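Student: Show me how the following folds:
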Amino acid sequence: MTAVPAEAPAVPDDMLQVNKAAARRVLEEIFPANDHEALREVMDESFINHEAPPGTPPGLGSVTMFMNLLSTAFSDQQWTVQQVIAEGDLVAIHCLHSGRHTGTFFGLPATGRSFSYEQMHMIKMRDGKGVAQWGVRDDAGLMRQLTGGLG
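Tutor: Below you'll find the model as predicted:
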């Protein structure tokens, strides 16, 4: 796992707002719409997804792969942003991902179950575009909801 830099470089206040808006847009608009063109507007082609498993395409391809996977597996997707904090070239987002399981998700056939689980993302920005991302999600909680497991 790659560490997030301890001190972010100084960024003008107006650029902090641009960075926050771009990061929010990915979750609130682009991912739910599975919009590849809009994704290219706010994420760099050489994007580094620090949580991508081995075999994931490099660059922006890793993000589009997961965006497609989520779009195929889940309907009525929504990311509700709880908090956005920007400092230097970093944007932190705390959000809730919700929807309905209507397609295969990592081998799990559609269950029709609704889900809602928390996520945290740290996005490194350059010139208003995401260039790297670190994330923490409650994947175990999501799987319990999809399978009806206890937890």
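
Student: burial of Trp134, as a residue count?
Tutor: By other CB atoms under 10 Å, the residues close to Trp134 number 19. Where C-beta positions appear, they are placed from N, C-alpha and C, glycine not excepted.

Student: Which SSE is immediately downstream of the helix or strand hosting it?
Tutor: Taking DSSP states H and E as the criterion, Trp134 maps to strand 129-137. Of the helices and strands lying after strand 129-137 in sequence (DSSP H and E), the nearest is helix 139-147.

Student: can you pull the buried residues of that following helix?
Tutor: Residues of helix 139-147 classed as buried: 142-143, 145-146 (neighbour count, 16 or more other CB atoms under 10 Å).

Student: and what of stretch 22-42?
Tutor: Those would be 22-28, 30-32, 35, 39, 42, for stretch 22-42 by 16+ other CB under 10 Å.

Student: who touches stretch 67-81?
Tutor: 24, 27-28, 30-32, 34, 36, 39, 93-105, 110, 115, 119 (CB atoms under 8 Å, 6 or more residues apart in numbering).
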